[in-house]
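Peer 1: starting from these lines, generate the structure:
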Amino acid sequence: MLANQLIQRFNPSIKQLLFISAALGIAVCVILGTKQIINMNENVTRYQQNEVVVNIMSVLDNVAHQHALERGLSAGFVGSGNKAVFKRLEAQRKLADESVLNLERFLLTVDKSKLNLSFIDMLYGRLSKKSMIRQQVDARNGSQFFIYYSSINRKVSKRTAITPSIFI
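Peer 2: Residues are numbered from 1 along each chain as shown. Now for the predicted structure:
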């Protein structure tokens, strides 16, 4: 009824009606297209964040793994004093140190402003005691090494397995 009144009052021509219909159709398409582009951009951002989290978790898992291997070889050396075990321990220490360097390198490539890295800072605090623990192991009097390495492994495993979203 209102539409009929408007049509009678303005008395548009067929050309004008077609133009208005086309303009409305184009406006709807532009609005829906813009909304779709915004949604796609949000999805890309989410995927990128997920990729960063998966990569952080992978790098952290390697840190935990390499230090768990070092823990085992340290136990073997402290228990036996075997020089062959010590040589394998030295090689493993290099791999453990390299895993920490890989973490540091990876963190240089990400936008830290969008991540919660308080856990990483806590991990670095623990890792700062590694040389002292290694000296104890080398002297075969390390009573703290097993607890130390286990705490690194436990903390990393708990953070990556249970709550990966802590990094976002």
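Peer 1: now do the SS call for the residue nearest to the spatial centre of the chain.
Peer 2: The structure's the chain has its C-alpha centroid closest to Val53; by Cα atoms, centre = their mean the separation is 1.9 Å. Secondary structure state of Val53, per DSSP: H, G, I helix; E, B strand; the rest coil, is helix.
Peer 1: okay, it and Leu60: tell me how far apart.
Peer 2: Going from Val53 to Leu60 by Cβ to Cβ, to the nearest Å gives 10 Å. Quick note: C-beta positions are derived from backbone N, CA and C, even for glycine.
Peer 1: which neighbours do those two have in common?
Peer 2: Between them, Val53 and Leu60 share no contacting residue under Cβ atoms under 8 Å, 6 or more residues apart in numbering.
Peer 1: all helices of this structure, in order?
Peer 2: Under the criterion DSSP state H, the chain contains helices at 2-10, 14-80, 83-108, 118-127, 130-138, 145-162.
Peer 1: chain center to the second one: distance?
Peer 2: Taking the mean C-alpha point of helix 14-80 and that of its whole chain, the gap between them comes to 11 Å (Cα atoms, centre = their mean, to the nearest Å).
Peer 1: angle of that helix against helix 83-108?
Peer 2: Counting by axes from the mean of the first three to the mean of the last three Cα atoms, to 10 degrees, helix 14-80 points 160 degrees away from the direction of helix 83-108.
Peer 1: and helix 14-80 with helix 118-127, angle?
Peer 2: Going by the same axes, to 10 degrees, helix 14-80 makes 20 degrees with helix 118-127.
Peer 1: residue contacts, Arg93?
Peer 2: Glu70, Arg134.
Peer 1: please apply the same query to Arg140.
Peer 2: Counting by Cβ under 8 Å, 6+ apart, Arg140 touches Phe77, Val78, Gly81.
Peer 1: how close does it sit to Gln8?
Peer 2: From Arg140 to Gln8 the distance is 103 Å (Cβ to Cβ).
Peer 1: try Lys130
Peer 2: Taking Cβ to Cβ, one finds Lys130 at 87 Å from Gln8.
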